[in-house]
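Peer 1: fold the following for me, if possible:
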Amino acid sequence: MSEEIGSVAWSKAISEQRDREQSRALVWVVGTLLAVSILHTAAFAWPLVGRFPAFVFGALGISLMFVGVAFSLRAATPAGAACGGMICLLLTFWTGSFTESFLRSGLTPLVLLFVLTFAATRAGRQRKVKAGLAEGRRGRSAAQVIANLGVAGLVSSWAGAAALLWCMRSAIHSYDAPLALIGTVTLAALAEATADTVSSEIGQAFGGQPVMLTTMRRVDAGVDGAVSLLGTAAGVAAGAVVVLAGQWALRLTPKDAAVALAGGVAGLFFDSLLGATVERKGWLGNDLVNFASTLFAAGVAFGLMTAVS
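Peer 2: Numbers count the residues shown, from 1 in each chain. The predicted structure is shown next:
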């Protein structure tokens, strides 16, 4: 599961230089897509200012506030907070309603994700510091934010939603529930990001000696692919809380919420599987593993939506 890099000596299987190169590539590719989505959102929103000024300026103001809070709490670096702000704007604008509260949008599960992961990161911090597993005090970098939230931001954007709907209608020509599809897939990615971070942080602080997912043999805390019962339970519970909040906010049915949670939990275990295999071999760094896991969660949710529709 997710392992954040603190101030201790480098101890990953992948070389530090290669890890940085992968993270930099992730930021350039996904960050560019997010920036293009923001520009498209601005172009789409400009004609709406006259009719729905509260919605347009409210979404922008909330996103800027999200940036300020994340940076002031040292939950993210300036670049990480800026990326979080872009994702917040995409989620709030494209899943929101012109005439209803912003709470009835992707903002609600995103804020809950932020609160739960922030609390989990701080929980048992002294234990994690002694074990050399604590997150750096500067907060999450742009690569870490994109790795965890980039998929949700892209799926909720106009282009991402259009591509998702096109794929669904290629499989089911009569499909007519685009909002449910987009909301469910987005929520699955957010649930995975929440579950992954909470399970890792709580497991490292309070879970005792974990086991390797692929062998079930005991290993040291913080080892890639290691899982603990307490950490996994905490992660699944946190993911479920985000899904329940998202079900209300995005007007999803209980079946949609169950699909989103299934996708999130599948992504959580997929993250551990990647950690125990390709990450331990030094092929992929933590940021690419996290991004792949949220993408996998979204893919599982999409597949289940196709199966049950």
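Peer 1: a helix runs through Phe102, doesn't it?
Peer 2: No - Phe102 sits outside any helix when classified using DSSP: H, G, I helix; E, B strand; the rest coil, being coil.
Peer 1: so what's it up against?
Peer 2: Under the criterion of C-beta atoms under 8 Å, 6 or more residues apart in numbering, the contact partners of Phe102 comprise Gly58, Ala59, Ile62, Thr92, Gly96. C-beta coordinates here come from the backbone N, C-alpha and C atoms, glycine included.
Peer 1: rebuild those as CSV, extending it with pLDDT and secondary structure.
Peer 2: Rendered in CSV, the data for the contacts of Phe102 read as follows (pLDDT from 0 to 100; DSSP: H, G, I helix; E, B strand; the rest coil):
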residue, pLDDT, secondary structure
Gly58, 97, helix
Ala59, 97, helix
Ile62, 98, helix
Thr92, 98, helix
Gly96, 95, coil
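Peer 1: low-confidence bits of this protein, can you list those?
Peer 2: Residues of the chain meeting the criterion pLDDT under 70: 1-10, 128-137.
Peer 1: ok, 80 please
Peer 2: Counting by pLDDT under 80, the chain shows low-confidence ranges at 1-11, 124-138.
Peer 1: name the residue most distant from the centre of it?
Peer 2: Using C-alpha atoms, centre = their mean, the residue of the chain lying farthest from its centre is Gly50. It sits 33.5 Å away.
Peer 1: what helix or strand is that one on?
Peer 2: Using DSSP states H and E, Gly50 sits within no helix or strand.
Peer 1: could you measure from it over to Ala82?
Peer 2: Between Gly50 and Ala82 the computed distance is 28 Å (C-beta to C-beta, to the nearest Å).
Peer 1: over to Thr117?
Peer 2: Taking C-beta to C-beta as the criterion, Thr117 is separated from Ala82 by 18 Å.
Peer 1: more neighbours: which of those two?
Peer 2: The residue with the greater number of neighbours, taking Thr117 and Ala82 and applying other C-beta atoms under 10 Å, is Thr117; the counts read 24 against 18.
Peer 1: gap between the residue lying closest to that one once chain neighbours are set aside and Thr294?
Peer 2: Excluding its sequence neighbours, the residue lying closest to Thr117 (C-beta to C-beta, 6 or more residues apart in numbering) is Thr197, at 4.3 Å. Between Thr197 and Thr294 the computed distance is 11 Å (C-beta to C-beta).
Peer 1: give me the common contacts of the two.
Peer 2: What both Thr197 and Thr294 touch, as defined by C-beta under 8 Å, 6+ apart, is the set Asn148.
Peer 1: which of those two has more neighbours?
Peer 2: Between Thr197 and Thr294, Thr294 has the larger neighbour count (other C-beta under 10 Å), namely 29 against 26.
Peer 1: and that one, its phi and psi?
Peer 2: Main-chain dihedrals, Thr294, degrees, to the nearest 10: phi -70, psi -40.
Peer 1: what does Leu190 give?
Peer 2: Here is the backbone geometry of Leu190 (degrees, to the nearest 10): phi -70, psi -40.
Peer 1: neighbours of it, how many?
Peer 2: Applying other C-beta under 10 Å, we find 32 residues neighbouring Leu190.
Peer 1: same question for Leu244.
Peer 2: For Leu244, the count of nearby residues is 17 (other C-beta under 10 Å).
Peer 1: is it in contact with Ala257, as I believe?
Peer 2: Yes - counting by C-beta atoms under 8 Å, Leu244 touches Ala257, with 6.9 Å between them.
Peer 1: how much space between Thr294 and Phe71?
Peer 2: Applying C-beta to C-beta, one obtains 23 Å for the distance of Thr294 from Phe71.
Peer 1: also Thr232?
Peer 2: Shown here: Thr232 relative to Phe71, a distance of 31 Å by C-beta to C-beta.
Peer 1: neighbour-wise, which of these two wins?
Peer 2: Just comparing Thr232 and Phe71: by other C-beta under 10 Å the higher neighbour count belongs to Thr232, 24 against 18.
Peer 1: which stretch of helix or strand covers the more buried one?
Peer 2: When secondary structure is defined using DSSP H and E, the element that contains Thr232 is helix 229-249.
Peer 1: helices or strands next to that helix in the packing?
Peer 2: Using 3 or more C-beta pairs under 8 Å, 6 or more residues apart in numbering; DSSP states H and E as the contact criterion, the neighbours of helix 229-249 among helices and strands are helix 107-122, helix 178-206, helix 254-274.
Peer 1: that one: which residues count as buried?
Peer 2: Within helix 229-249, the residues scored as buried using 16 or more other C-beta atoms under 10 Å are 230-232, 234-236, 238-247, 249.
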